[in-house]
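Task: produce atomic coordinates for the following.
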Amino acid sequence: QDERPRLVKHYQYFSWPDHGVPNEPGGVLSFLDQVNRAQRSIPDTGPIIVHCSAGIGRTGTIIVIDILVDIIHRQGTAPCLIASFSGSFPLPSLTLSFCGAGLDCDIDIPKTIQMVRRQRSGMVQTEAQYKFVYMAVQQYIEAEQKRLEEEQ
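Numbering: from 1, shown residues only. Have a look, this model is predicted:
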């Protein structure tokens, strides 16, 4: 039996209403950034565990946003980032094209939600949460565009 002490960091996001979504995704994106930075700063860490009262609506929304932001962060190193939405809710598609360095990154939000739902039924419960995922991805892209422009 392993009796070594374990370091557990607990983060709690207070600004998410129980029935609804935050007014804007900036706070959630900042929170996820802080959690991920802390996770990367500690060697040999275990997984991040996410949970809300029921473990599906807000939890699924946070997980999907984190997955998509991570994909964009890892693949979005080109000097130019173009985002385009097509279609309409509840199943619009989002295509990201990174120009300049020849990278392409297709983000499929519905497919990502389906993937997490295969692991736990009901993830991202409401249309408002679904739209919030899109809002968060769009805000993250806009922040990345601004950062890339400032670096040039």
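
What is the longest helix along the chain packed up against?
Longest helix of the chain, by residue count under DSSP state H: helix 127-151. Contact partners of helix 127-151 among helices and strands, from 3 or more C-beta pairs under 8 Å, 6 or more residues apart in numbering; DSSP states H and E: helix 26-41, helix 57-75, strand 80-86, strand 93-99, helix 109-119. The C-beta positions use only the backbone N, C-alpha and C, and glycine is treated the same way.

Quick one: closest of those to W16.
Proximity to W16, assessed across the helices and strands packed on helix 127-151 by C-beta to C-beta, is greatest for helix 57-75 (5.6 Å).

Now do the closest one against helix 26-41: the angle between them, please.
Relative orientation of helix 57-75 and helix 26-41, computed by axes from the mean of the first three to the mean of the last three C-alpha atoms, to 10 degrees: 60 degrees.

Give me the residue at the spatial middle of this structure.
Geometric centre of the chain, nearest residue: I65, 2.0 Å, by C-alpha atoms, centre = their mean.
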